[in-house]
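[1] Model the structure of this input:
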Amino acid sequence: MTDPGVGTNGLKGLKVLLNRPEPRKRRAGWAQRKTAKQRRKAKRQRKKARQAALKAQKRQGGRADEWQAKVDAGLPTDAKSYAVYLQGDLWHAIRARVLRRDRGLCAACGGHATLVHHRSYEMLVLQGEDDAPLIALCHPCHRAIHITPRGRKRTPRSTERLLVRMGVSPLK
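    Next up is the predicted model:
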């Protein structure tokens, strides 16, 4: 009688185990390394971000020097920094000044204005030196100029056209 683990199948399995190469030793931190697929995805995302930045620069008419001046002055250049800008003392002073100038009335409907809308994001406007492109609006009018009835975000051009249709004088 033969041992069940040593039979013909058992020896074959043992030979396979003995001839198998030793597993590679893994370096420390191997679990944190990115796979090739993750690296390709990250590379695509970086490329997309660069292309978006170039498109934004072209939309601004190639005003890279103005963009750099905004960065140097601590003014907003993207959505994140704009949110921080809106929480700052400079914006609160500008907002109060515009609401006082418009006597707290909405420029579109004449109701009670609680918001100030930027019609331009040029440096002079963001620094508070030019208040002309800023208008006081009530919340419903502000939402209407930014969001379509179907819930989509309007383009700046569409927003401006709607403001003019609402009776606000065109931006010069």
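
[2] Where is the longest helix in the chain?
    Selection of the longest helix in the chain by residue count, based on DSSP state H, yields helix 36-59.

[3] Dump that helix to CSV, restricted to CA.
    Presented in CSV, the C-alpha positions along helix 36-59 are these (Å, rounded to 0.1, in the frame of the first residue of the first chain):
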residue,chain,number,x,y,z
ALA,A,36,0.9,50.9,-15.3
LYS,A,37,-2.8,51.6,-15.9
GLN,A,38,-2.9,54.1,-13.0
ARG,A,39,0.2,55.8,-14.3
ARG,A,40,-1.3,56.2,-17.8
LYS,A,41,-4.5,57.6,-16.3
ALA,A,42,-2.5,60.1,-14.2
LYS,A,43,-0.5,61.1,-17.3
ARG,A,44,-3.8,61.6,-19.3
GLN,A,45,-5.2,63.8,-16.5
ARG,A,46,-2.1,66.0,-16.4
LYS,A,47,-2.2,66.4,-20.2
LYS,A,48,-5.9,67.3,-20.0
ALA,A,49,-5.2,69.9,-17.3
ARG,A,50,-2.4,71.4,-19.4
GLN,A,51,-4.6,71.6,-22.4
ALA,A,52,-7.4,73.2,-20.3
ALA,A,53,-5.0,75.8,-19.0
LEU,A,54,-3.9,76.6,-22.6
LYS,A,55,-7.5,76.9,-23.8
ALA,A,56,-8.3,79.2,-20.9
GLN,A,57,-5.2,81.3,-21.7
LYS,A,58,-6.4,81.5,-25.4
ARG,A,59,-9.9,82.5,-24.3
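
[4] what pLDDT, on average, does it get?
    What helix 36-59 shows for mean pLDDT is 79.

[5] cool, and stretch 130-145?
    The model assigns stretch 130-145 a mean pLDDT of 94.

[6] which parts of it are buried?
    Within stretch 130-145, the residues scored as buried using 16 or more other C-beta atoms under 10 Å are L134, I135, A136, L137, C138, C141, H142, A144, I145. C-beta coordinates here come from the backbone N, C-alpha and C atoms, glycine included.
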